[in-house]
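> Compute the structure for the input listed below.
(chains A and B)
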Amino acid sequence: MNAVLYRYVSDAERQHIEQSKMIRSHSGKTYFSPDLYDAAADARQRLALSVAPAWRVGPIPADEMPDFDAVSLQAASPKYGQPGGGLECATRHIVYLFGFSRLK
Amino acid sequence: MAWEEWQDPATASLWNSVLDVIEDAARQFSENQKPNLTLSVIRASWDAPDVELSWGPGEVKRNIHIVVNGRSWPLEISIEGAAWEDLGTPERPQRMVKLLAPRKYQAPDVQHVKTYIPLDIQAVFREVQSLSPRLAAVAQSG
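Sure, this is the predicted structure:
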């Protein structure tokens, strides 16, 4: 696997990640990709996302990630009219991020 | 992606109950295809409320993708399919793909989903089996 991973998210999820300093999907599986996309359209097409993401989270070093126990690294299959082909993997665990928290 | 909707407990509960029904139907269909085909069922891609049924064998891979839309009944059920083949190299991957246009309908209740999803899966399975990803290279935009 590549050394770093990214998650492509909506604006609402980005705000939640910034506040909570963790990444967790309530769908039960949180997907990541080692692929770096600068354009939302590219991320949507290659990862076969239902809508174009607004933000890229990462890079997160792979050795700081939990096991990808939900989906091992694979090429994304076609979905939502998108061809897929980008690499994806998923974990059922929460990913905790480094961050600063102002003390009370 | 439906990350925001998953945050609402009522929506998440509704989606999970419907996805349970769809996943059960997909797994039952998968069992019925053995031993000729081995199908895999996966629930939830990124944050979408969906179930995917995929199978090979060989270089051409195929899938059926069932998506739930909406926050209350009637829910929209969308079913699509695809056949694809990965060519090229890991450094320069190339994908040939043929997508089946999605079918959509409004499901008034869970009983409707239980009744029709197995039939939908059978029908779309036959269509997807006939898709040729190589042809899609010519008509990729379609």
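> C-alpha from now on. contacts and neighbour counts both.
Fine.
> Locate the residue of chain B with the greatest distance from its centre.
Computed with C-alpha atoms, centre = their mean, the residue of chain B farthest from its C-alpha average is B:Glu91, at 28.2 Å.
> Let me see the backbone angles for it.
phi -70, psi -40 (degrees, to the nearest 10).
> residue contacts, it?
Listed by C-alpha atoms under 8 Å, 6 or more residues apart in numbering or on different chains, B:Glu91 has no contact partners.
> Next, work out how far apart it and B:Ala26 are.
34 Å (C-alpha to C-alpha, to the nearest Å).
> same deal with A:Ala41?
From A:Ala41 to B:Ala26 the distance is 30 Å (C-alpha to C-alpha).
> Among those two, which residue is more densely surrounded?
Shown here are A:Ala41 and B:Ala26; by other C-alpha atoms under 10 Å in any protein chain shown, B:Ala26 has more neighbours (26 against 15).
> Can you verify the more buried one is assigned to a strand?
No. Looking at B:Ala26 with DSSP: H, G, I helix; E, B strand; the rest coil, it is helix, so not inside a strand.
> what sits against B:Val18?
So B:Val18 contacts B:68, B:110, B:113 (C-alpha under 8 Å, 6+ apart).
> Distance of the second one relative to A:Glu64?
In this structure, B:Val110 and A:Glu64 are 41 Å apart, going by C-alpha to C-alpha.
> More neighbours: the two, which one.
B:Val110 (15 against 12).
> Helix or strand for the closest residue to that one other than its chain neighbours, just tell me which one.
In this structure, B:Val110 finds its nearest non-sequential neighbour in B:Val18, 6.7 Å apart by C-alpha to C-alpha, 6 or more residues apart in numbering or on different chains. Assigned by DSSP states H and E, B:Val18 belongs to helix B:9-33.
> Would you mind identifying the next helix or strand past that helix?
Criterion used, DSSP H and E; the element after helix B:9-33 is strand B:39-45.
> who's in contact with the most centrally placed residue in chain B?
Centroid-nearest residue in chain B, with C-alpha atoms, centre = their mean: B:His65, separated by 0.9 Å. By C-alpha under 8 Å, 6+ apart, the contact list for B:His65 reads A:79, B:50-53, B:79-81.
> ok, what's across the strand from it?
B:Glu52, B:Glu80 (DSSP bridges).
> ok, so what distance separates the nearest residue to A:Tyr37 once chain neighbours are set aside from B:Glu127?
Distances taken as C-alpha to C-alpha, 6+ apart place A:Ala43 nearest to A:Tyr37, at 5.7 Å, with adjacent residues excluded. Applying C-alpha to C-alpha, the value for A:Ala43 to B:Glu127 is 28 Å.
> Looking at these two now, which is surrounded by more residues?
A:Ala43 (23 against 14).
> so the more buried one is in which element?
With DSSP H and E as the criterion, A:Ala43 is inside helix A:40-47.
> got the CA coordinates for that helix in CSV?
Provided in CSV are the C-alpha atoms of helix A:40-47 (Å, rounded to 0.1, in the frame of the first residue of the first chain):
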residue,chain,number,x,y,z
ALA,A,40,-13.5,17.1,-7.4
ALA,A,41,-14.6,15.7,-10.7
ASP,A,42,-11.6,13.4,-10.9
ALA,A,43,-12.2,12.1,-7.4
ARG,A,44,-15.9,11.5,-8.1
GLN,A,45,-15.2,9.7,-11.4
ARG,A,46,-12.3,7.5,-10.2
LEU,A,47,-13.8,6.6,-6.8
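> what comes up buried for the helix or strand following it?
Sequence-wise, the next helix or strand downstream of helix A:40-47 (DSSP H and E) is strand A:55-61. Of the residues in strand A:55-61, A:55-56, A:58, A:60 count as buried by neighbour count, 16 or more other C-alpha atoms under 10 Å in any protein chain shown.
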